[in-house]
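Engineer: here is the input, now give the coordinates:
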Amino acid sequence: MIPKVFREVIDLGDGREISIETGKLAKQAHGSVVVQSGKCMLLCTVVSNYEQKDLGFLPLTVDYREKFAAAGRYPGGFFKREARPSDGEVLTMRLVDRVLRPLFPKDYTAETQVMIQLMSHDDDVMPDAMAGLAASAAIQLSDFPFECAISEARVGRVNGEFVINPTRAQLLESDLDMMIGASADSVMMVEGEMDEISEEEMADAIKFAHEAIKVQCAAQLRLAEAFGKKEVREYEGERTDADLEKKVHDMAYDKVYAIAKAGSAKHERSTAFAEIKADIKATFSEEELADYGGLVSDYYRKAEKAAIRDLTLNEGLRLDGRQTDEIRPIWCEVDYLPSTHGSSIFTRGETQALATVTLGTSRDANKIDMPSYEGEENFYLHYNFPPFCTGEARPIRGTSRREVGHGNLAQRGLKGMIPNDCPYTVRIVSEVLESNGSSSMATVCAGTMALMDAGVQMVKPVSGIAMGLISDAASGKYAVLSDILGDEDHLGDMDFKVTGTADGITACQMDIKVKGLSYEILVNALQQARAGRLHILEKLTDTIAKPNVDVKDHAPTMVTRRIPNEFIGALIGPGGKVIQEMQKETETTIVINEDPVTEEGIVEILGVGSKGIDAVMAKIDSILFKPQMNESYQVKVIKMLDFGAVVEYLDAPGNETLLHVSELAWERTENVTDVVNMGDEFEVKYLGTDPRTRKEKVSRKALLPKPEGFVERPPRDDKRRDDRRGNDRNRDRKPRRD
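Structural biologist: Predicted coordinates for the structure are as follows:
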């Protein structure tokens with residue numbers, strides 16, 4: 001039976017379009033779509049179990065995978081099968097998850113899975129820009145309780161013009177790369193990197209992407225209507241009790257407000273709030289708590305949130321006693337770790353990051369091998385968030401998605417300030433040692449100082465700040481919070497992180513929780529973020545004003561040398577013998593790459609101190625040495641022969657040639673030792689290549705005055721000699737039989 005297929009098309013302009021199709025594949029899933037642009041095809045399926053779990057949160061899994069077969073390739077490594085997700089896939093999962101999760105009801109706890117798979121790849125289409133569209137379209141075809149259709153779009157700017165879902169080639173020319181997630185009426189998520197753009201330009205880019213997203217949301221709704229939108233499933237939601245809610249609120253609100261207004265440290269505040277909650281629970285009997293103790297806890301958290309938000313909106317005060325635009329105390333230190341190539345500590349309030357920098361060759365680049373992209377990163381950052389940094393003990397099961405995402409944000413914030421001519425591969429590792437509000441931004445600050453401490457000549461220093469927003473739609477009041485605490489992150493309406501230089505924004509990440517946020521508030525928030533960012537930047541530059549001129553004494557120095565491709569083989573040697581011996585003798589690391597544009601070899605020499613590097617450079621000079629016709633060179637005798645002496649060019653050790661006995665002196669030389677001996681140094685004249693022997697010819701006598709009355713012997717008649725040899729051969733040859 002031929003399946004009935006339903007299809008909607010979205011026009012992107014410039015002859016490009018996106019199609020959404022359902023009815024052909026994966027029909028047992030609760031919703032499935034194929035989203036296609038060009039030859040790029042994503043299959044998205046969604047399933048949600050009908051049993052509610054007693055978890056208190058939604059167990060939602062968003063999984064994005066790229067199949068190597070989609071690009072006609074085999075997986076790398078020993079096992080020829082896709083395994084754990086790459087960092088690129090994890091980042092796409094996070095982009096989709098952050099927009100979908102808030103749109104499910106808070107009391108919906110059924111196991112839910114969204115699976116997005118790249119089934120066909122197109123070099124001109126970046127699949128992550130369509131993942132959010134695919135997920136939402138599949139959910140619209142299901143019976144899930146889900147608030148509204150959403151979509152995501154990438155926006156770039158090429159030659160001053162915004163472009164939706166640019167190609168990878170266009171992104172190379174773009175001064176921004178932003179992913180925006182939104183519904184038809186509200187922006188919900190922003191993430192991206194920029195070339196020092198202004199706050200107003202960033203807002204314009206968000207507006208442009210939002211208009212395209214509105215079109216994509218409308219297409220999903222048309223597809224769902226044509227397919228036959230299912231009735232939303234019924235599920236057992238959370239219990240409610242208005243009287244109990246009011247009772248808990250009345251007991252908690254004023255006490256929480258008073259503690260919040262007093263301003264205190266995280267531990268003291270948490271202890272005080274826990275005591276209030278315990279006192280409230282103590283007013284209920286064991287039977288009552290057994291019946292609705294969970295509701296008491298929920299209503300307490302609700303009252304606590306309301307009191308803290310009202311304190312900020314009414315009095316402009318925050319949990320730790322700060323004003324809304326006040327930054328916590330900052331202290332910094334560089335060169336803390338004696339053995340690293342660069343290090344720094346950045347501490348802001350109760351958040352601390354220790355960053356290290358390691359310098360290497362192109363061999364140390366981070367290789368990216370995905371079906372949708374293959375390449376290398378010569379600058380990369382790894383972020384570690386151990387449980388002790390929040391005073392917790394929990395299992396460590398590899399790198400978390402959060403660590404990948406926060407590290408990527410910090411990397412994007414810094415990478416634009418690494419100069420193009422930086423000869424090193426640079427790796428930053430951020431160890432978060434304390435966390436109470438934006439350790440990713442602390443990573444950016446610590447990373448900047450560690451880079452300058454390592455002698456990496458940053459174009460400009462970068463700082464980062466995490467901001468929050470508390471707003472009340474009824475009264476129209478709102479408060480933008482600079483340098484938010486962990487608690488303020490949870491109770492606020494917007495969490496946004498911004499990195500930048502003194503001249504503009506380099507990266508951002510926003511999660512907007514309030515509907516219909518005005519662009520006026522957004523720009524005001526970004527402007528306040530700029531003031532805070534500049535304040536933090538001043539603290540960084542007070543600690544280290546500019547990059548150190550040189551790398552540390554124990555850090556490697558990198559020297560790059562270009563050589564003609566024809567000499568690469570000689571430098572490597574048979575089976576790598578020459579280069580391996582050179583690295584061992586000089587205690588250096590030598591990497592050779594080929595430049596396909598200039599057709600040259602790029603030799604990277606990495607070593608501690610100049611002695612080993614100078615020795616390698618001398619060896620390269622020796623390999624590249626080409627004596628010029630009729631030029632004079634200083635040589636040294638390194639071997640004696642009966643018919644001459646082997647001499648080595650002093651300017652190019654290792655380059656040797658034969659000085660024939662006939663070229664030692666004008667007079668006839670019976671014994672070579674009559675003229676030269678081992679170790680003698682003198683000048684010779686280079687006479688080119690002998691056409692008969694095809695060997696280089698040098699002469700000592702050509703630089704000596706010709707003796708008076710000297711008569712040169714006439715040159716041999718080689719042709720006559722050859723004819724004579726030919727006649728002798730013919731005479732000895734036997735007659736051929738007929």
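Engineer: show me where this protein dips below the pLDDT cut-off.
Structural biologist: The chain contains residues with pLDDT under 70 at 711-738.
Engineer: could you redo the last one with a cut-off of 80?
Structural biologist: 1, 77-78, 238, 293, 516-517, 651-654, 690-693, 708-738 (pLDDT under 80).
Engineer: what's the residue closest to the geometric middle of it?
Structural biologist: The centroid of the chain falls nearest to Tyr380 when counting by C-alpha atoms, centre = their mean (4.8 Å).
Engineer: need the contact list for that residue.
Structural biologist: Tyr380 makes contact with 366, 411, 426-428, according to C-beta atoms under 8 Å, 6 or more residues apart in numbering. Where you see a C-beta, it was placed from the backbone N, CA and C, and this is true even at glycine.
Engineer: Asp489 now?
Structural biologist: Counting by C-beta under 8 Å, 6+ apart, Asp489 has contacts 437, 466, 468, 495.
Engineer: list the contacts of the closest residue to Arg394 other than its chain neighbours.
Structural biologist: Leaving aside its chain neighbours, Arg394 sits nearest to Pro387 (4.7 Å; criterion: C-beta to C-beta, 6 or more residues apart in numbering). By C-beta under 8 Å, 6+ apart, the contact set of Pro387 is 393-394, 396.
Engineer: and these as JSON lines, adding secondary structure and neighbour count?
Structural biologist: As requested, these are arranged in JSON lines below (DSSP: H, G, I helix; E, B strand; the rest coil; neighbours: other C-beta atoms under 10 Å):
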{"residue": "Ala393", "secondary structure": "coil", "neighbour count": "6"}
{"residue": "Arg394", "secondary structure": "coil", "neighbour count": "9"}
{"residue": "Ile396", "secondary structure": "coil", "neighbour count": "9"}
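Engineer: what's the closest of those residues to Ala529?
Structural biologist: Proximity of the contacts of Pro387 to Ala529 (C-beta to C-beta) peaks at Arg394, which lies at 31.9 Å.
Engineer: quick revisit: for the contacts of Pro387, give me TSV that also has distance to Pro691.
Structural biologist: Output for those, formatted as TSV (distance: C-beta to C-beta, whole Å):
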residue	distance to Pro691
Ala393	83
Arg394	80
Ile396	73
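Engineer: now, which of these sits nearest Val155?
Structural biologist: Comparing every one of these with Val155 (C-beta to C-beta), the shortest separation belongs to Ile396, at 37.2 Å.
Engineer: ok, the closest one touching Pro386?
Structural biologist: Yes. If you go by C-beta atoms under 8 Å, Ile396 and Pro386 touch, sitting 7.2 Å apart.
Engineer: now stretch 172-183: buried residues?
Structural biologist: Within stretch 172-183, the residues that count as buried by 16 or more other C-beta atoms under 10 Å are 174-183.
Engineer: before we move on, what about stretch 64-79?
Structural biologist: Neighbour-count burial for stretch 64-79 [16+ other C-beta under 10 Å]: 64-68, 70-71.
Engineer: equivalent analysis for stretch 8-18, please.
Structural biologist: 8, 10, 12, 18.
Engineer: now for the residues you listed: which two are most distant?
Structural biologist: Glu8 and Leu12, at 13.5 Å, using C-beta to C-beta across the buried residues of stretch 8-18.
Engineer: how close does Ile197 sit to Asn420?
Structural biologist: Distance of Ile197 to Asn420, computed by C-beta to C-beta, to the nearest Å: 19 Å.
Engineer: kindly report the same for Tyr108.
Structural biologist: Tyr108 is 50 Å from Asn420, by C-beta to C-beta.
Engineer: same deal with Lys701?
Structural biologist: Taken as C-beta to C-beta, the span from Lys701 to Asn420 is 54 Å.
Engineer: what of Phe643?
Structural biologist: The value you get for Phe643 to Asn420, if C-beta to C-beta is used, is 56 Å.
Engineer: return the set of residues that bridge with Lys639.
Structural biologist: Val646 (DSSP bridges).
Engineer: then Ser482?
Structural biologist: Met467.
Engineer: shouldn't it be in contact with Glu326?
Structural biologist: Yes. Counting by C-beta under 8 Å, Ser482 touches Glu326, with 6.7 Å between them.
Engineer: out of the two, which sits in the busier spot?
Structural biologist: Here Ser482 and Glu326 are set side by side on neighbour count (other C-beta atoms under 10 Å), and the busier one is Ser482, at 24 against 14.
Engineer: residues contacting the more buried one?
Structural biologist: Neighbours of Ser482 in contact, by C-beta under 8 Å, 6+ apart: 324-327, 465, 467, 528-529, 531-532.
Engineer: between Ile197 and Asn420, which is the more surrounded one?
Structural biologist: Ile197 (21 against 5).
Engineer: what sits closest to Val635 if chain neighbours are left out?
Structural biologist: Per C-beta to C-beta, 6+ apart, closest to Val635 is Val647, 3.9 Å.
Engineer: distance-wise, check Arg318 relative to Leu311.
Structural biologist: 8 Å.
Engineer: the more surrounded of those two?
Structural biologist: Comparing Arg318 with Leu311 by other C-beta under 10 Å, the one with more neighbours is Arg318, at 26 against 21.
Engineer: so what's that one closest to, chain neighbours aside?
Structural biologist: Nearest to Arg318 is Thr312, by C-beta to C-beta, 6+ apart, at 5.9 Å.
Engineer: for Lys207, same thing?
Structural biologist: Using C-beta to C-beta, 6+ apart, the nearest residue to Lys207 is Tyr519, at 6.6 Å.
Engineer: what of Val5?
Structural biologist: Gly23 (4.4 Å).
Engineer: show me what contacts the one you found?
Structural biologist: 3-6, 227.
Engineer: 6 Å instead, please
Structural biologist: 3-6 (C-beta atoms under 6 Å, 6 or more residues apart in numbering).
Engineer: and these, which are buried?
Structural biologist: By 16+ other C-beta under 10 Å, the contacts of Gly23 give Phe6 as buried.
Engineer: follow-up on the earlier one: closest one of the contacts of Asp489 to Cys148?
Structural biologist: Nearest to Cys148 among the contacts of Asp489 is Asp495, at 21.0 Å by C-beta to C-beta.
Engineer: ok, now how distant is that closest one from His660?
Structural biologist: From Asp495 to His660 the distance is 83 Å (C-beta to C-beta).
Engineer: with His406 instead?
Structural biologist: 72 Å.
Engineer: looking at those two, which is more packed in?
Structural biologist: Each of His406 and His660 has its neighbours counted (other C-beta under 10 Å); His406 has more, 25 against 20.
Engineer: please identify the helix or strand for that one.
Structural biologist: Using DSSP states H and E, His406 falls within helix 401-415.
Engineer: for Val597, same thing?
Structural biologist: With DSSP H and E as the test, Val597 turns up in no helix or strand.
Engineer: look up phi and psi at it.
Structural biologist: Note on Val597: backbone dihedrals following degrees, to the nearest 10 are phi -80, psi -50.
Engineer: that one: neighbouring residues, count only.
Structural biologist: Neighbours around Val597, by other C-beta under 10 Å: 6.
Engineer: quick check: it vs Ala169, distance?
Structural biologist: When Val597 is compared with Ala169 (using C-beta to C-beta), they lie 17 Å apart.
Engineer: do Ala290 as well
Structural biologist: Distance of Ala290 to Ala169, computed by C-beta to C-beta: 64 Å.
Engineer: surely Tyr649 and Leu659 touch.
Structural biologist: No. Checked against C-beta atoms under 6 Å, the pair Tyr649 and Leu659 is beyond contact range at 11.5 Å.
Engineer: who has more neighbours, these two?
Structural biologist: Shown here are Tyr649 and Leu659; by other C-beta under 10 Å, Leu659 has more neighbours (25 against 20).
Engineer: tell me the SS of the residue nearest to the centre of the chain?
Structural biologist: strand (DSSP: H, G, I helix; E, B strand; the rest coil).
Engineer: just list whatever residues bridge to it.
Structural biologist: Arg427.
Engineer: tell me what the helix or strand encompassing Ser19 is packed against?
Structural biologist: Taking DSSP H and E as the criterion, Ser19 maps to strand 16-22. Helices and strands touching strand 16-22, as assessed by 3 or more C-beta pairs under 6 Å, 6 or more residues apart in numbering; DSSP states H and E, comprise strand 6-13, strand 31-37.
Engineer: fine by me, thanks again.
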